[in-house]
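> what's the 3D shape of this:
(3 chains)
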Amino acid sequence: MPELPEVETFKQYFESTSLNKQIKNIKIKDTRILSIEENIFINTLRGKKFNSVTRHGKYLFVECNSFFLVMHFGMTGDLEYYRRGEEEPKYSKVLFEFTNNHILSYISTRMFGKLDITDDYKKYINKNRLGPDALTMSYEEFLMSLKRRTTNVKTALMNQRIICGIGNIYSDEILFRTQINPLTKINILQEYQLKELFTNIKEILKYGIRKKGNLATYSSKLIIPHRIEEENCPICHTPIKRYEILGRHGFFCPTCQKEN
DNA sequence: AGCGATGTTCGCCG
DNA sequence: TCGGCGAACATCGC
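Presented below is the predicted three-dimensional model:
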């Protein structure tokens, strides 16, 4: 279930379970999840320890003896740390077995995740032309990233090359909070709207992290719990509208989020 | 039993 | 070369 808040939660989980333990063995249950040749992947990591985790957008970079394990979770990724002998999690794709008899499972139900190795995560970010991390970017970086873009706000927020970390669900919430219609062209936003958008990106993502990405616990004053057709806006009670964009479904309140 | 899904990438077009 | 757009990808649960 990973957008930025979920991936940040995975980072914390990884840090609290899997750092500084020797990797005894690695089992690849499905090589399609690897962006790199299987033997290289295994030989790079076996016998080493994970030292630290950096997050950029929806990506995790796990430092391991001057190399980095790159983790992306797609739409249905997860991590689970468990004791040897306990049941292997369903849809495990890669198992990192530590010498302490515990195993970290990288789970990907729908195979949309990716594991890779890079020797420099900043180079990896540049090569893939990822935008600034949505949680830590400055207002200047945010503006710079939007420069010369003409697409609509919803698409811009979800484009990882513009801003890294926001997906379909959180972009709905950010636009709802900012009271911007999702189809508004990004280049016609007023300065005050850009400022509010920037502030709300941070606030919504921080809220998500505080809630550990557990959508079921989100306040009913947000639009997230109402992303269902025929639900009413929690502010003005107008029926929420569903629309299609980029082959995905977005939701907005036609009253609170008027076109500019 | 068909559809939809918290994501990314590729190919086409201007 | 770049940006925008739509289709494709894999697979499971509702």
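> low-scoring stretches of the stretch 151-260 of chain A, by residue?
Filtered on pLDDT under 70, the stretch 151-260 of chain A yields no residues whatsoever.
> in it, what residue is nearest DNA strand B?
Of all residues in the stretch 151-260 of chain A, the one sitting closest to DNA strand B is residue A:167 (1.9 Å; Cβ to the nearest atom of the strand). Any C-beta I mention is one placed from the backbone N, CA and C, and that applies to glycine too.
> distance of that residue relative to residue A:48?
To residue A:48, residue A:167 is 32 Å away according to Cβ to Cβ, to the nearest Å.
> the more surrounded of these two?
Per other Cβ atoms under 10 Å, whichever of residue A:167 and residue A:48 has more neighbours is residue A:167, with 19 against 14.
> so the more buried one makes contact with residue A:3?
Yes: at 4.1 Å, residue A:167 counts as touching residue A:3 under the criterion of Cβ atoms under 8 Å.
> show me whatever sits in contact with both of those two.
The contact sets of residue A:167 and residue A:3 overlap at residue A:58 (Cβ atoms under 8 Å, 6 or more residues apart in numbering).
> phi, psi for residue A:259 please.
phi -70, psi 150 (degrees, to the nearest 10).
> what sits against the closest residue to it other than its chain neighbours?
In this structure, residue A:259 finds its nearest non-sequential neighbour in residue A:181, 4.6 Å apart by Cβ to Cβ, 6 or more residues apart in numbering. Contacts for residue A:181 (Cβ under 8 Å, 6+ apart) come out as A:153, A:175, A:252, A:257-260.
> residue A:186: neighbour count?
22.
> now the residue nearest to it when sequence neighbours are not counted: phi and psi?
Nearest residue to residue A:186, sequence neighbours excluded (Cβ to Cβ, 6+ apart): residue A:156, at 4.7 Å. Per-residue torsions, residue A:156: phi -60, psi -40 (degrees, to the nearest 10).
> hang on, residue A:156 packs against residue A:150?
No: the pair residue A:156 / residue A:150 is not scored as a contact, 9.4 Å apart, by Cβ under 8 Å.
> between those two, which one's more packed in?
Using other Cβ under 10 Å as the criterion, residue A:156 and residue A:150 rank with residue A:156 on top: 24 against 9.
> need the contact list for residue A:150.
A:185-187 are the contacts of residue A:150 under Cβ under 8 Å, 6+ apart.
> now do the SS call for it.
coil (DSSP: H, G, I helix; E, B strand; the rest coil).
> what distance do you get for it to DNA strand B?
11 Å (Cβ to the nearest atom of the strand, to the nearest Å).
> any idea how far residue A:186 is from that residue?
Residue A:150 sits 7 Å away from residue A:186, taking Cβ to Cβ as the criterion.
> which other helices and strands contact the longest helix along chain A?
Identified as the longest helix of chain A according to DSSP state H is helix A:191-210. Identification of packing neighbours for helix A:191-210 by 3 or more Cβ pairs under 8 Å, 6 or more residues apart in numbering; DSSP states H and E yields helix A:4-17, helix A:139-146, helix A:168-178.
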